[in-house]
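[1] just need the structure, nothing else, for what follows:
(chains A, B and C)
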Amino acid sequence: MPEGPEIRRAADQLAAAMGDKPLTDVWFAFPQLKTYEPALLGETINAFETRGKALLTHFSNGLTLYSHNQLYGVWRVVPTGTEPQTNRQLRVRLANVDQTILLYSASDIALLNADTLAAHPFLQRVGPDVLDVTLTEQTVRERLLSAPFRRRQFSGLLLDQAFLAGLGNYLRVEILWHAGLLAQHRAQDLSETQLDRLSQAMLAVPRLSYKMRGSMKKYHAEAAFRFEVFHRQGKKCRRCGSIIEKGVLSSRPFYWCPGCQK
DNA sequence: ATAGGCCTGGAC
DNA sequence: GTCCAGGCCTAT
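    Below is the predicted model:
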């Protein structure tokens, strides 16, 4: 369940399912987490927080479950007592009397306290979250122009969670199309107008994706975020009619419109 | 900046 | 079986 908007949507669903009801079942697959099961039983969940693609489940006793879904982890919500049949590896189960949340396949899971949370290697280095409503275009613009980010090509910069948290490959591709920029460009070389367009797109595109309930059509068949270039190689750009191209940048698939992005 | 490895599931 | 993927870490 990959990029920031999808993780945040999952967090919303988990929060709605668990509410503030006490936990009646706590189960972890990993042996080193099993010792925490009794301590969490009867506790409640204070909040599901996201920091980019990391999900933090804060329990009422002060512990926090850190989980990162990488490319493959997935959360499910089911009525308690109706665990689905699946080939996926169950890693976490938390339940109250009504609802059960299940985390499958994720391998990057830890239980943290206030101290270890602050010291966590990923959380320590992530930048501001693009879905944080207090993050403004002005702040993004200043960050783009600050050292060392100003010298870095967008191909790598937009995937770097230390720059901004929550962007991933489809958002990188879509943001650069919306801003009309090439992945080889650097902030230090942009005009004022280009900087405005980029900082605007960096917030607007992920926020629109979140509003549209993410990009994952398999899970949200109705209305998903619409890609303009991602996975559209060989098709016509809806803005200029040019044929969309595909390549590899920062060892990830990259898509662009040669007519719109120069 | 880039390559390779890790982890897992789905498409083929 | 093979390859690819929306991620991220480490080594170079």
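[2] looking at chain A, which residue is nearest DNA strand C?
    DNA strand C sits closest to A:Gly168 of chain A, with a gap of 2.3 Å, by C-beta to the nearest atom of the strand. (C-beta placed from N, C-alpha, C; glycine too.)
[3] and that residue, what's its pLDDT?
    Looking at A:Gly168, its pLDDT is 96.
[4] with adjacent residues omitted, what lies nearest to it?
    When the adjacent residues along the chain are set aside, A:Gly168 lies closest to A:Glu3, with 3.6 Å between them (C-beta to C-beta, 6 or more residues apart in numbering).
[5] how about low-confidence regions in the stretch 151-262 of chain A?
    The stretch 151-262 of chain A contains residues with pLDDT under 70 at A:215-223.
[6] near DNA strand B, which residues of it show up?
    Within reach of DNA strand B by C-beta under 7 Å from any atom of the strand, the stretch 151-262 of chain A has these residues: A:151-153, A:155-157, A:249-251.
[7] which strands border the strand or helix carrying A:Phe254, and is each parallel or antiparallel?
    Assessed by DSSP states H and E, A:Phe254 sits inside strand A:252-256. For strand A:252-256, sheet partners with direction are given as strand A:245-249 (antiparallel), following DSSP bridges.
[8] does the strand it pairs with reach DNA strand C?
    No: for strand A:245-249, no contact with DNA strand C is found by C-beta under 7 Å from any atom of the strand; the gap never falls below 7.8 Å.
[9] contacts for that strand?
    Applying C-beta atoms under 8 Å, 6 or more residues apart in numbering, the contact partners of strand A:245-249 are A:155, A:183, A:233-234, A:253-258.
[10] same check on stretch A:197-208?
    For stretch A:197-208, the surrounding residues in contact (C-beta under 8 Å, 6+ apart) are A:3-5, A:130-131, A:135-138, A:140-141, A:144, A:158, A:164, A:166-167, A:171, A:174-176, A:178-181, A:187, A:190, A:225.
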